[in-house]
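Chemist: Sharing a model that was predicted from the sequence below.
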Amino acid sequence: MAVAGRAWRAAALLPPWRLRAPRRDYGAAAAAAAAAAAAGGGGGGRLLLGAAFALGGGAGLYLAARHRLREHSAAELPAGSLQLTLYQYKTCPFCSKVRAFLDYHGLPYEIVEVNPIMRKEIKFSSYRKVPILLANAGSPVQLNDSSVIISAIKTYLISKRNSLEEIVSFYPPMKTVTDQGKEVFEYGNKYWLMLDEKETKRIYPVKEVRVEEMKWRKWADDWLVHLISPNVYRTPREALASFDYIVREGKFGTVEGFFAKYMGAFAMFFVSKRLKKRHHLQDNVREDLYEAVNEWVKAVGKHRLFMGGNQPNLADLAVYGVLRVMEGLEAFDDMMVHTKIQPWYQRMEEVIQNAEAAV
């Protein structure tokens, strides 16, 4: 990709963890589309710009990702343990949040990549967004919305007082109407862990710890995730570079590849402008991204490795999950050069890799 030679990858700036070959499984060209257009767990309407996006963003992502997914086999879990299947779009920030959470907690899971166009893989569900997590801890349970998934599974891991089915019932969907008159379902308590007093004191020794974690989890959903699309597709060149990667990885035919690359990039460039206006971003959307990640770094502070202290908490995992879908693209490299996020990001990647290796 064109970004391979950018300045921050130079040896003088590059930490040892970046000297290895860059991971090429992110394909963030469709991250914004999957997240803002069709993903669940953080809001955002469906922004399909005709067949151009459907071909370039959806089919390209599906073909590229379904062959490159690293599966976590639920069959590896001991008998009677939690068995998990994640239905996702690979580069959706909300899905990435869930994977970061599951990986950090050493929970094996199977992945089903959903075709963003037809979505046949989730035809069993009346809930038509991703991520969806099917969990079996004795009886099958469907969990919807990335933050609900994380809160419910975390509650289950901490507290054995209730079944997973009972825990999920603590997060009822509530129907609301958007400013555009569209009916949507929201989960008003999705950032809460359903713990008793003793469990709460063990996990959150002081009230401020819990409040801080919830605040920044919500910030990741309500603000940070909406900066991905405008930055990934900021210019025609960046949009084209993103779709070039998807087409090459998807092994399209000559004609298919041409239309997917150029029509998809063209469509998402203009969609990103709509998102920029909707979220009241600056003319240079990079500045919003830089300000956001520096705000996060400031909140973590100089005396903590993570917001959770010596180990990541749910806010750390949420922010990391959102940001990593940009890996391999110019926006990510620019962020690493022009903000203070790199040391924290490095620590997050290492701790999750270590957790995965221990499984």
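Modeler: Great, that's in hand.

Chemist: in what helix or strand does residue 296 lie?
Modeler: helix 285-300 (DSSP states H and E).

Chemist: pLDDT of the helix or strand just after that helix, averaged?
Modeler: Sequence-wise, the next helix or strand downstream of helix 285-300 (DSSP H and E) is helix 314-323. For helix 314-323, mean pLDDT rounds to 98.

Chemist: Between helix 285-300 and helix 314-323, find me the angle.
Modeler: With axes from the mean of the first three to the mean of the last three C-alpha atoms, to 10 degrees defining the directions, helix 314-323 sits at 160 degrees from helix 285-300.

Chemist: Which neighbouring elements make contact with helix 314-323?
Modeler: Helices and strands touching helix 314-323, as assessed by 3 or more C-beta pairs under 8 Å, 6 or more residues apart in numbering; DSSP states H and E, comprise helix 93-104, helix 146-158, helix 207-222, helix 285-300, helix 342-358. Where C-beta positions appear, they are placed from N, C-alpha and C, glycine not excepted.

Chemist: now what about that helix, what contacts it?
Modeler: Where contact means C-beta atoms under 8 Å, 6 or more residues apart in numbering, the residues beyond helix 314-323 that reach it are 93, 96-101, 104, 147, 150-151, 154, 212-217, 220-221, 224-225, 228, 293, 296, 300, 306-308, 312, 332, 335, 341, 345, 348-349, 352.

Chemist: ditto for stretch 291-305
Modeler: By C-beta under 8 Å, 6+ apart, the list of residues contacting stretch 291-305 from outside reads 212, 216, 219, 223-224, 227, 306-307, 311, 316, 319, 323, 335, 339-341, 344, 347.

Chemist: circling back to that earlier point, buried set for the helix holding residue 296?
Modeler: 285, 286, 288, 289, 290, 292, 293, 296, 297, 300 (16 or more other C-beta atoms under 10 Å).

Chemist: Dump those into a markdown table; add distance to residue 194 as well.
Modeler: Rendered in a markdown table, the data for these read as follows (distance: C-beta to C-beta, whole Å):
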| residue | distance to residue 194 |
| --- | --- |
| 285 | 37 |
| 286 | 39 |
| 288 | 34 |
| 289 | 34 |
| 290 | 36 |
| 292 | 30 |
| 293 | 31 |
| 296 | 26 |
| 297 | 31 |
| 300 | 26 |
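
Chemist: Let me know the helix or strand that residue 241 is in.
Modeler: helix 236-250.

Chemist: Can you go through the contacts of helix 314-323 and name the buried ones?
Modeler: Neighbour-count burial (16+ other C-beta under 10 Å) applied to the contacts of helix 314-323 gives 93, 96-101, 104, 147, 150-151, 154, 212-214, 216-217, 220-221, 224-225, 228, 293, 296, 300, 306-308, 312, 332, 335, 341, 345, 348-349, 352.

Chemist: Residue 355 and residue 106, how far apart?
Modeler: 5 Å (C-beta to C-beta, to the nearest Å).

Chemist: With neighbour numbers in mind, choose between those two.
Modeler: Ranked by neighbour count (other C-beta atoms under 10 Å), residue 355 and residue 106 place residue 355 first, with 18 against 12.

Chemist: Verify the stated contact: that one with residue 100.
Modeler: No. Counting by C-beta atoms under 8 Å, no contact exists between residue 355 and residue 100, whose distance comes to 9.9 Å.
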